Every structure is written in structure tokens, then in C-alpha cells.
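Participant: Make a model of this:
(one chain, ligands or ions: 1)
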Amino acid sequence: RSNAESRVKELQELLSRYNYEYHVLDKPSVPDVEYDKLLHELKQLEEEYPEFLTPDSPTQRIGGSVLEQFSKVNHKTPMLSLGNAFNEQDLRDFDKRVRKAVGDKISYICELKIDGLAVSLRYEKGLFVQGATRGDGSVGEDITANLKTIRSIPLRLNKPFSLEVRGEAFMPRSSFLQLNKEKEEREELPFANPRNAAAGSLRQLDPRIASSRNLDLFLYGIGELGETGAETQSGGLDLLSELGFKTNKERRKCESIEEVLQYVEEWTEKRAELEYDIDGIVIKVDSLSQQEELGTTVKSPRWAIAFKFPAEEVVTV
Ligand SMILES: Cc1ccc(Cn2cc(C(N)=O)ccc2=O)c(C)c1
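Facilitator: This is a model prediction of the structure:
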């Protein structure tokens, strides 16, 4: 019995690591069948010895019940929306406003703007306890059970931190095309785009449906930054990676608006090569103290802007 307990612990550790290698690093160290075999062994042991079952076990991704409805969640810090830029001049004007307010010693960080839906995840002492949609920025919907089905989300951090993190949930384009093919075969209405498919999947009351949709998530922000000691946005992103979160590797530090414009130009060309849709580029002042100095307007930060790509001409045949 005691070696059943140690075997359960060993399998939970092992499977969590394999899950991280596969879904976060995209670099599995064991074949899928090996992972599957060990997962079944853990499921058997947890059935036989339920006292060893923990909520963060790799077997607990798909909750038991179908929800009646989603409850509401109040975001401690509001989830802001970004002001938009549509051309080079808008970006140069943004740069001027920033320099006027905080002076000329600034760095920017550019990140791909994933075309999905913004969600926030709360961890207590390292354990994933709640996940919510952005909603209106102050009140969102509790979609914890559906977010748990996203395999790249750690159910337990590798440090017992209590913090709130934010990111964009999305559906890879290949999964979107496959889902629509299946919908058309069932003569169901297909989703118009991956963003709608991701939103529709996370709004399912049955977590088994969300689990089948191959959703994913990139984290890009930490609420209550002070707790973690990060001093820059780029440092915050590195910390998120160290904690076991999936972050987007295409981010770039830019020392001038010229470099920002180069990055925007580069990804305007390359966006079709990505496995997911992006609808623009997010540009942020990297220093968190300068972000505080710049503050926010009624609804969006003065220290960030979203460059939006021109809407794609939809070819209707
Ligand atoms: C049967 C089966 C089991 C697992 C997976 C995918 N996968 C693989 C690993 C792995 N190799 O470390 C870890 C987690 C995971 O989700 C597939 C596609 C099929």
C-alpha cells in the first residue's frame, strides 16, 4: 500500500513533466504510447486508492459534471483593452506621446497579438484554482473546468506562488479546419474563424467538449506584478516561462520605434506561416515603473498599443 502511494506520486510527477515537454516545449522525451500507458496505470491506481488522488493530478484534466451555467468572477485588477494603431503614423504618434511623458530612455517589447480570447488564471500556493473569461473587463465567467482541459496549462506551478496571470486562449488553425470539416459532415453550422471556434468551445458547459477541441493558451501578463518582483514586461514573460507557462517565443525587445516598425513589417509578411491566427502586434513600454508613470485612461493603458493588421479580404466564392 505504501509503495502504491509512492508509485502514484512518481507517476503524477512523471506525467506532469511529460505533459509539459509535449504541450509547452513541443519537445516530448517519450513516445505517445508510453505516456498513454503510464496515464492508464495512474488512473487504475487512483481508482484503487482514491485517498492518493489530488486535484492537480494529470488524470484530473476533464472534470466530472456538466455545468448548469457559468458563475461570475470579479477580476481583482481590471482586464484592460488596448488602443489601436492602423498605420505607421499612428505608431510614431504613440512613440511621441510616450517620450513626452517619460523621456527618451525607453525600450519597447513587441508581442504577436493572438486572435483568440483573453482569459485570466488564478493560482493559490502554486495550485490552479480558478480561470475566467475577460467579460466586460471587470466581471467575467468562471470557465475553470474548461481551461483545465487545455494541456499546456500547468495544474500546479513549480513554485508555490499565489498569483493571477493573463493570456489568450486560441484554437490552432489546423484544429479549426478539422472541426469545421466534422461539423459540415454532421450538417452543422461551421465556425467563421478560429477565434469564434475557441470562444464557442470555452463556452461549452460540458468540459468533455472543450477537451476535444484542442484549445491552447499563450500567457502574456502577470496581475499584481509586485508579488513576483519582475521589473519589465520582458522579465515578466521570462518568469512566466520559468513557472511552467506557455509563452509566445516570437516576442522582441525594441530600442526604438524604427525597430518596432521593422518587427511589424516582418510579421505582416510572415503571419501566414504561423499555426494560429494573429490580428496584429502588441507594443508595450517594457519598464513596469514607466508603465505606472504613464498609467491608463478610462479603458486602456497609455503604455501599450495594438497595431491591427488590415482586415483580410474575405474571398466569398
Ligand atoms: C495516445 C496518446 C497519448 C498522448 C498523446 C499526446 N501527449 C504526448 C505526450 C508525450 N509523448 O510525452 C504527453 C502528453 C500528451 O498529451 C497523444 C497524441 C496520443
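Participant: Select the longest helix from the chain.
Facilitator: helix 2-23 (DSSP state H).
Participant: Is there any residue in that one that contacts the ligand?
Facilitator: Yes. Using Cβ under 6 Å from any ligand atom, helix 2-23 reaches the ligand at Y18, N19, E21, Y22. (Each C-beta comes from the backbone N, C-alpha and C, glycine too.)
Participant: possible to save those residues as JSON lines with pLDDT and neighbour count?
Facilitator: Shown next, in JSON lines, are those (pLDDT from 0 to 100; neighbours: other Cβ atoms under 10 Å):
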{"residue": "Y18", "pLDDT": "98", "neighbour count": "19"}
{"residue": "N19", "pLDDT": "98", "neighbour count": "20"}
{"residue": "E21", "pLDDT": "98", "neighbour count": "15"}
{"residue": "Y22", "pLDDT": "98", "neighbour count": "17"}
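Participant: so what's the closest residue to the ligand within the stretch 201-317 of the chain closest to, chain neighbours aside?
Facilitator: The stretch 201-317 of the chain approaches the ligand most closely through N214 (10.0 Å), counting by Cβ to the nearest ligand atom. Using Cβ to Cβ, 6 or more residues apart in numbering and skipping the chain neighbours, the partner closest in space to N214 is S175 (4.1 Å).
Participant: Could I have the CA atoms of stretch 301-310 written out in CSV?
Facilitator: Taking Å, rounded to 0.1, in the frame of the first residue of the first chain, the C-alpha atoms of stretch 301-310 are listed here in CSV:
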residue,chain,number,x,y,z
PRO,A,301,-3.3,51.7,-20.9
ARG,A,302,-1.2,54.7,-22.2
TRP,A,303,1.9,52.4,-22.2
ALA,A,304,0.7,50.0,-24.8
ILE,A,305,-1.0,50.0,-28.2
ALA,A,306,-2.2,47.3,-30.6
PHE,A,307,-1.1,47.6,-34.3
LYS,A,308,-4.0,46.0,-36.2
PHE,A,309,-3.4,44.3,-39.5
PRO,A,310,-5.8,45.3,-42.2
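Participant: Give me the residues contacting that stretch.
Facilitator: By Cβ atoms under 8 Å, 6 or more residues apart in numbering, the list of residues contacting stretch 301-310 from outside reads 80, 82-86, 90-91, 94, 97-98, 101, 113, 264, 268, 271, 278-285, 290-291, 294-296.
Participant: Mark which of these are buried, thanks.
Facilitator: Buried members of the contacts of stretch 301-310, scored by 16 or more other Cβ atoms under 10 Å, are 80, 82, 85, 91, 94, 98, 113, 264, 271, 278-285, 290-291, 294.
Participant: for the record, mean pLDDT for stretch 286-296?
Facilitator: Stretch 286-296 shows a mean pLDDT of 95.
Participant: for it, the distance to its chain's centre please.
Facilitator: Relative to its chain's centre, stretch 286-296 lies at 23 Å (Cα atoms, centre = their mean, to the nearest Å).
Participant: what do you get for stretch 260-275?
Facilitator: Distance, centroid of stretch 260-275 to centroid of chain: 20 Å (Cα atoms, centre = their mean).
Participant: what does stretch 248-266 give?
Facilitator: For stretch 248-266, the distance to the chain centre is 21 Å (Cα atoms, centre = their mean).
Participant: Likewise for stretch 148-156?
Facilitator: On Cα atoms, centre = their mean, the centre of stretch 148-156 falls 10 Å from the chain's centre.
Participant: so who does the closest residue to the ligand within the stretch 151-300 of the chain touch?
Facilitator: Nearest residue of the stretch 151-300 of the chain to the ligand, counting by Cβ to the nearest ligand atom: R151, 5.4 Å away. Listed by Cβ under 8 Å, 6+ apart, the contact set of R151 reads N19, Y22, H23, R61.
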